[in-house]
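Visitor: take a look and give me a structure for this.
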Amino acid sequence: MKMYHPYRAVIALLATPMMALGCASVFEGTTQAITFNSEPSGAQIVINGMPMGVTPATITLKRFEYDDAPVLFKKDGYHDQYARLHTEVTGWFWGNIISGGLLGSSTDLISGAMWEYSPDKYFVTLPPVKVSSGEMARLDYENRVRKFILFSHEQLVSDLARGEGEHLASLCALLDLNEARQEGAILELRMLAMTTENVPAFAEQVLRKFPI
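Guide: Predicted structure coming up:
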């Protein structure tokens with residue numbers, strides 16, 4: 001005759017709501033921290049028309065609530081700059097369908113946890129209102145390089161490891177590297193990717209190595 005153990009009932013009761021929750025809801029949560037920075041710092045961050053703070057700042061947003069929402073960076077004496085938030089389906093959601101079926105995945109869908117902001121870091125350069133055409137060209141170049149690296153860092157690092165690829169070719173074009181310079185430049189970029197601690201730092205090092 002099997003003995004009844006009260007603690008088993010307690011464990012079962014505790015486990016049931018965890019099983020009902022989606023994997024993304026448990027591991028990712030329904031909010032995400034997004035980092036915003038600018039040069040110069042102290043720019044106001046306005047998301048979808050709502051002031052959210054000043055740079056540098058890490059702001060916690062509900063997942064998917066601001067999908068495709070405009071982000072305005074503004075500071076007195078400087079031209080406004082814009083970005084746009086973008087969301088994609090998190091890998092936890094697809095793993096949840098495979099392992100847990102539709103119950104967990106529908107929980108993620110309702111809670112918004114199936115979505116994640118990508119990228120989760122934004123950096124803009126604010127041009128001064130009074131600036132020469134040459135300085136404006138430099139600031140525009142730096143903005144384009146930073147945005148490209150932030151949006152495609154993972155694919156770019158993969159291309160650098162192989163020494164070729166679509167994203168690496170696009171960066172070389174942005175940096176205006178001719179064919180003769182590309183071999184040495186790729187070695188330098190690979191070393192920078194290996195030695196910098198985060199994506200924004202990598203972008204700044206690239207701009208120092210390859211100024212306009």
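
Visitor: alpha carbons only for contacts and neighbour counts from here, please
Guide: OK.

Visitor: may I have the phi/psi pair for P40?
Guide: Main-chain torsions, P40, degrees, to the nearest 10: phi -80, psi 170.

Visitor: can I assume it is in contact with T125?
Guide: Yes. Between P40 and T125 there is a contact at 6.9 Å, judged by CA atoms under 8 Å.

Visitor: and these two? which has more neighbours close in?
Guide: Neighbours around P40 and T125, counted as other CA atoms under 10 Å, are more numerous at T125. The numbers are 22 against 15.

Visitor: pull the contacting residues for the more buried one.
Guide: 38-40, 81, 139, 142-143 (CA atoms under 8 Å, 6 or more residues apart in numbering).

Visitor: what sits closest to it if chain neighbours are left out?
Guide: The spatial neighbour of T125 that comes closest, neighbours along the chain excluded (CA to CA, 6 or more residues apart in numbering), is E39 at 4.8 Å.

Visitor: does the one you found touch Y122 like I think?
Guide: No. Look at E39 against Y122 with CA under 8 Å: they stay out of range, at 11.3 Å.

Visitor: looking at the two, which has the bigger crowd around it?
Guide: Y122 (21 against 15).

Visitor: what sits against the more buried one?
Guide: Shown in contact with Y122 (CA under 8 Å, 6+ apart): 35-37, 83, 147, 150.

Visitor: what is the nearest of these to L171?
Guide: The nearest member of the contacts of Y122 to L171, counting by CA to CA, is K147 at 10.9 Å.

Visitor: what is the neighbour count of that closest one?
Guide: 19.

Visitor: for whichever strand or helix holds it, which positions count as buried?
Guide: Following DSSP states H and E, one finds K147 within helix 133-162. Buried residues in helix 133-162, counted by 16 or more other CA atoms under 10 Å: 136, 139-143, 145-151, 153, 156-157, 159-160.

Visitor: so where's this protein uncertain?
Guide: Applying pLDDT under 70 to the chain picks out residues 1-29, 89-115.

Visitor: determine the longest strand present in it.
Guide: Counting residues, the longest strand found in the chain (DSSP state E) is strand 31-39.

Visitor: show me what that one is packed against.
Guide: Strand 31-39 is packed against strand 57-62, strand 115-117, strand 121-125, with contacts defined by 3 or more CA pairs under 8 Å, 6 or more residues apart in numbering; DSSP states H and E.

Visitor: would you map out the domains in this protein?
Guide: Per the record, the chain has its domains at 1-129, 131-212, by automatic domain parsing.

Visitor: if we can go back for a sec, now do the helix holding K147: distance to the chain's middle.
Guide: 14 Å (CA atoms, centre = their mean, to the nearest Å).

Visitor: nearest to K74 among the contacts of T125?
Guide: Nearest member of those to K74, counting by CA to CA, is Q81, at 6.7 Å.
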